[in-house]
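Enquirer: I would like the atomic coordinates for the input below:
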Amino acid sequence: MILFASVAVWLAGAVDSTAADLLLVEAESGALGTNFLVGNSSGTIYISNTNNYSSTTVPGIPGRVASYSVTFPNAGTYDLYARVRVGPGAANDDSFFYANGFGTKSPTASTDWILCNNLWNVGFTNAGDIVTGGGIVQTGAWKWIDISQFNGGAAPINFTVTAGNLTQTFQIGGREDGFDMDKFAFGTTGTSFAVSNLDSGTVPYTPPITNVFVGPDGVALHRFSPLNNGINADGANPAAGLMLSGGVLCGTTLNGGLQGYGTAFYVSPDGTNFNAFRSFTNAPDSGNPEGDLAVAGSGFFGTSLGGGNSGVGSVYLGSTDGSGSLIQSFAVVSANEATNSGGASPSGLLALSGNTLYGTTAAGGAAANGTVFSLSTNGSAFADLHDFGALDSNTGTNSDGALPMGGLLLSGSTLYGTASAGGSGGAGVVFSLDTSGGSFTVLHNFTPLDPVMATNPDGAFPAGGLVLSNGILYGTTFSGGTGGKGVIFSMGADGSGFAVLHNFSPTDPLTGTNWDGASPCAPVALSGGKLYGTASAGGTNASGTVFSMGTSGAQFQTLHAFTAIDPTTGTNRDGALPVAGVLPLAGSLYGTTFSGGPGGEGTVFALALPPPPANLRIVQNPDGSVTVFFVGGPNSTNVIQATTLLGPTASWHNISTNKADGGGLWQYTNSTVNLSPPQFYRSYSF
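Expert: Residues are numbered from 1 along each chain as shown. So this is what the prediction gives:
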């Protein structure tokens with residue numbers, strides 16, 4: 001049986017005016033040589049070569065050749081896909097030949113055939129996996145592979161169909177007897193087909209995009225496309241931050257994508273080469289990925305808020321080649337008590353040590369308030385290290401906190417984290433425990449909020465994780481503090497010396513604006529002795545901010561205030577609601593916004609860090625003149641200003657514009673002798 005489908009496809013970031021086509025060919029439907037056997041495995045009808053043949057160039061005899069007459073719906077260039085199963089011999093049961101182009105081929109002509117070998121350790125089975133020439137599925141499972149992208153034997157090819165020649169002959173040849181072939185597919189080259197598309201013979205439907213959002217534009221490297229019935233080409237609403245792997249920035253989106261349950265994507269640091277390389281589905285896939293990614297060699301581990309076999313969350317392993325595997329599905333949650341064994345809805349960063357992952361769940365567990373867990377990286381061993389206790393129904397308090405959302409930090413054999421609720425004040429806790437689950441300690445209980453002003457001295461509801469430097473933990477709270485809009489705090493790793501480094505200021509009750517941002521819900525990043533982070537709301541446009549601050553709490557600076565959201569469309573230029581942290585990298589901060597952008601579904605952004613403050617040295621020359629030496633950013637352009645009066649009313653005037661040398665040095669000499677009144681100098685870069 002031959003099936004085909006066609007639909008106009010619009011790819012993220014670019015418009016494709018051609019049709020995307022998919023043609024399915026059942027393996028048993030062709031003219032089969034005498035060496036092929038037709039089998040049936042639980043309703044899957046397939047063909048197998050019945051004898052081994054060691055040639056690496058040709059099938060050898062007509063009996064090992066199967067021929068198919070296929071009629072394409074449109075002219076174009078197509079990739080060849082195959083749904084196959086490798087036998088128990090693994091590398092001895094994993095190859096076949098396919099014809100080097102259309103037409104009837106000679107079984108003994110080496111130029112007529114391409115060997116496709118080493119298929120035992122590649123392939124895709126999850127419905128949402130984008131099928132490429134990679135993957136990690138091994139023996140014993142039916143799996144899809146893009147044969148036109150896989151170079152496991154000879155250099156692969158794709159197939160060109162010309163107008164007026166839509167009906168073509170396609171041939172395959174048998175080689176190893178433990179290799180089963182269910183069906184083949186021809187899909188338009190350049191279109192991303194998921195397993196579910198190839199299984200059903202349907203092309204991926206991507207809704208028309210009326211605006212093309214090609215990055216970068218200002219701080220926005222990529223703007224996610226609008227949703228249509230919950231789907232798009234590139235994903236929507238990134239709730240996680242970015243990590244660097246293989247020279248590209250990798251991240252996930254909570255929603256959108258070809259299946260509507262989020263995507264995994266990468267983009268180059270300059271904003272080019274965006275690729276949504278995986279589109280998640282719901283159960284049993286890792287639908288709605290939310291937690292930050294943990295890098296592990298050439299791959300990464302992540303968590304999903306939903307999905308898994310029970311639909312209540314999972315831990316997965318992924319790679320930028322589109323492959324992925326589910327390594328932990330959390331257990332079904334009780335419909336009445338919302339409890340389970342092990343937790344549900346993991347949403348924070350995983351801590352990785354050797355072959356063990358450590359994480360938190362924000363729901364489920366013995367009291368429905370979340371857990372701390374450990375998991376081997378291959379999924380073979382899972383342990384519930386701590387179940388957060390039940391909350392008092394009147395006060396919302398308990399002894400150990402509840403609803404941990406920020407993930408874990410590992411230092412030595414100690415895990416550190418935050419719980420966003422509970423504790424003795426009902427406003428969350430900072431906690432530690434060892435990797436075996438013992439020695440659980442509440443390091444800080446956040447104090448109750450004023451019931452009218454929603455303020456307190458130390459912040460409330462820590463939703464983000466922690467960073468550790470020189471024995472000091474740094475974190476944020478979503479609310480509380482003297483302004484009621486959250487704080488940045490520090491404390492010793494032993495719980496001593498808790499200090500509020502910054503209180504976010506109150507927002508205007510009508511506009512939601514302030515000067516510094518509000519409601520941070522992500523961990524800060526530490527780089528070069530400074531803390532960098534995001535505030536999800538507030539700022540001069542009520543769309544959130546990116547900020548920096550010294551580790552002592554001094555020199556707080558708003559680095560970027562995201563632009564105002566159009567109230568009718570929910571769009572802006574650069575994004576809004578940054579709920580994830582930032583990644584300092586090569587003089588820039590990289591991050592994501594959950595919403596906003598011209599598509600209204602969030603952005604990936606890059607923000608250049610300001611050069612460090614200049615150091616200066618003043619020298620009085622023998623002739624009485626004075627030279628001021630400034631040292632700052634190499635090759636930077638700088639304006640020198642002077643004033644005769646310091647203080648809030650000082651009037652500075654420009655006296656020189658200078659280009660720093662490669663060592664960051666620039667200078668100014670005032671040749672006036674016996675200066676009266678005294679002169680004061682400063683410089684800034686632009």
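
Enquirer: Nearest residue to the middle of the chain?
Expert: With distances taken as C-alpha atoms, centre = their mean, Gly251 lies nearest the centre of the chain, 1.2 Å away.

Enquirer: Which positions are bridged to that residue in the beta structure?
Expert: Phe265 (DSSP bridges).

Enquirer: in a helix, that's where Thr63 is, yeah?
Expert: Slight slip there: residue 63 is Gly, not Thr. Yes: the assignment for Gly63 is a helix, going by DSSP: H, G, I helix; E, B strand; the rest coil.

Enquirer: And it, how close does it get to Ser41?
Expert: Look at Gly63 and Ser41: by C-beta to C-beta, to the nearest Å, they are 23 Å apart. In this view, the C-beta of every residue, glycine as well, is placed from N, C-alpha and C.

Enquirer: Specify the residue ranges that define each domain of the chain.
Expert: Following automatic domain parsing, one finds the domains of the chain at 2-200, 338-503, 615-685.

Enquirer: hey, which of these is tucked in deepest?
Expert: Among these, domain 338-503 has the highest mean neighbour count (mean count of other C-beta atoms under 10 Å), at a mean of 21.

Enquirer: what separates that one from the chain centre, distance-wise?
Expert: Relative to its chain's centre, domain 338-503 lies at 23 Å (C-alpha atoms, centre = their mean, to the nearest Å).

Enquirer: ok, now stretch 64-71?
Expert: For stretch 64-71 - counting by C-alpha atoms, centre = their mean - the centre lies 42 Å from the chain centre.

Enquirer: same thing with stretch 177-186?
Expert: The answer for stretch 177-186 is 34 Å, by C-alpha atoms, centre = their mean.

Enquirer: repeat for stretch 227-236
Expert: On C-alpha atoms, centre = their mean, the centre of stretch 227-236 falls 16 Å from that of its chain.

Enquirer: do the same with stretch 337-355
Expert: With C-alpha atoms, centre = their mean, you get 18 Å for stretch 337-355.

Enquirer: what about that stretch, start to end distance?
Expert: One end of stretch 337-355 sits 33 Å from the other (C-alpha to C-alpha, to the nearest Å).

Enquirer: got it, and stretch 479-491?
Expert: First-to-last distance for stretch 479-491 - C-alpha to C-alpha - comes to 18 Å.

Enquirer: State the number of residues packed around the closest residue to Asp508 other than its chain neighbours.
Expert: Of all residues not flanking Asp508 in the chain, Asn514 sits nearest, at 6.8 Å (C-beta to C-beta, 6 or more residues apart in numbering). Look at Asn514: counted by other C-beta atoms under 10 Å, it has 23 neighbours.

Enquirer: list the contacts for Asn514?
Expert: 483, 485, 504-508, 538-540 (C-beta atoms under 8 Å, 6 or more residues apart in numbering).

Enquirer: swap in Ile640?
Expert: Ile640 touches 628, 630, 654-658, 666, 668, 681-683, counting by C-beta under 8 Å, 6+ apart.

Enquirer: 6 Å - rerun?
Expert: Contacts for Ile640 (C-beta atoms under 6 Å, 6 or more residues apart in numbering) come out as 655-656, 668, 683.

Enquirer: Return the member of those nearest to Thr104.
Expert: Ser683 (78.1 Å; C-beta to C-beta).

Enquirer: average model confidence for the helix or strand hosting that closest one?
Expert: Assessed by DSSP states H and E, Ser683 sits inside strand 680-685. Averaged across strand 680-685, the pLDDT comes to 78.

Enquirer: Show me what it is packed up against.
Expert: Judged by 3 or more C-beta pairs under 6 Å, 6 or more residues apart in numbering; DSSP states H and E, strand 680-685 is in contact with strand 637-643.

Enquirer: quick one: which of the contacts of Ile640 is nearest to Gly271?
Expert: Checking the contacts of Ile640 against Gly271 by C-beta to C-beta gives Ser683 as the nearest, at 31.4 Å.

Enquirer: Bridge partners for Val619, pull those for me.
Expert: With DSSP bridges as the rule, Val619 is bridged to Thr627.

Enquirer: Is it in contact with Thr627, as I believe?
Expert: Yes: Val619 is within contact range of Thr627, at 5.0 Å (criterion: C-beta atoms under 6 Å).

Enquirer: if we can go back for a sec, take the domains of the chain and write them to TSV, including distance to Ala236.
Expert: Below are the domains of the chain laid out as TSV (distance: least, C-beta to C-beta, whole Å):
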stretch	distance to Ala236
domain 2-200	11
domain 338-503	17
domain 615-685	37
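
Enquirer: Would you mind saying which of those lies nearest Leu244?
Expert: Closest among the domains of the chain, using C-beta to C-beta: domain 338-503, at 14.7 Å.

Enquirer: pretty sure Glu66 is touching Ala27, no?
Expert: Quick fix: residue 66 is Ala, not Glu. No: using C-beta under 6 Å, Ala66 is not in contact with Ala27, being 7.4 Å away.

Enquirer: Report pLDDT for Thr447.
Expert: Confidence score, pLDDT, at Thr447: 98.

Enquirer: Val500 versus that one, what's the distance?
Expert: 11 Å.

Enquirer: likewise Gly475?
Expert: Distance from Gly475 to Val500, by C-beta to C-beta: 11 Å.

Enquirer: likewise Ile61?
Expert: 81 Å.

Enquirer: which ones are touching Ser310?
Expert: 329, 332 are the contacts of Ser310 under C-beta under 6 Å, 6+ apart.
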